[in-house]
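**Student:** the following block contains a protein sequence and its predicted model.
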Amino acid sequence: MRVSSIISLGVMAVAIGFAGIFGQAAAKKGDAVKEEMKQLEGTWRTVAVELGGKEMDHQDIPDYRFVFSGTDCSIVSGKRVRNCTFTIDPSRNPKWLDVTPTGDRVTWLGIYELKDGTLKVFLDTTGGKRATEFKTKTGTQQVIRTYERVIP
């Protein structure tokens, strides 16, 4: 066998090995996304709001609900409903949540935390940058909402 053939076989074996490793990593990430989406499934009601660096008084918190079903979600406020699609990346820290309102070209980039029956969401609805931490800036309209699952 020629040296060039041996080298070619070796390169091919390494490439196949990497493809297998990356394929397994992608499958694990896909499984993590599916599992997280199952945990998000259902209706969540607002229990706390931080607006522009300040916690809102409990009596002033609007009754927003976030409803997840598959890759669809709705944001419900009274009789108003905003239908959207969403994607998540639970491998990020903090976890990523991207929401695209139906008929809108702007995707809201956000972060979320799902912990102990609560869901904390920080979305930029202006089409700006994704937050890197759960902290709003004083004097802005940035909003972090904390939700609790609604038991049917």
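**Tutor:** Looks like it came in fine.
**Student:** how about residue 90: what's its closest non-neighbour residue?
**Tutor:** residue 36 (4.4 Å; CB to CB, 6 or more residues apart in numbering). Quick note: C-beta positions are derived from backbone N, CA and C, even for glycine.
**Student:** repeat that for residue 148.
**Tutor:** Closest residue to residue 148 apart from its sequence neighbours, by CB to CB, 6+ apart: residue 47 at 4.7 Å.
**Student:** what about that neighbour, neighbour count?
**Tutor:** When neighbours are counted by other CB atoms under 10 Å, residue 47 registers 13.
**Student:** that one belongs to a strand?
**Tutor:** Yes. The assignment for residue 47 (DSSP: H, G, I helix; E, B strand; the rest coil) places it in a strand.
**Student:** gap between it and residue 97?
**Tutor:** The gap separating residue 47 from residue 97 is 18 Å, by CB to CB, to the nearest Å.
**Student:** just residue 126 next, same as before
**Tutor:** Residue 126 is 16 Å from residue 97, by CB to CB.
**Student:** quick one: the strands in the protein?
**Tutor:** 42-51, 54-55, 64-69, 72-77, 80-89, 95-101, 108-115, 118-124, 143-149 (DSSP state E).
**Student:** turn the ones you listed into TSV, including distance to residue 32 and mean pLDDT.
**Tutor:** Formatted as TSV, these follow (distance: least, CB to CB, whole Å; pLDDT from 0 to 100):
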stretch	distance to residue 32	mean pLDDT
strand 42-51	19	96
strand 54-55	32	94
strand 64-69	16	96
strand 72-77	19	96
strand 80-89	9	97
strand 95-101	10	97
strand 108-115	12	96
strand 118-124	17	96
strand 143-149	20	96
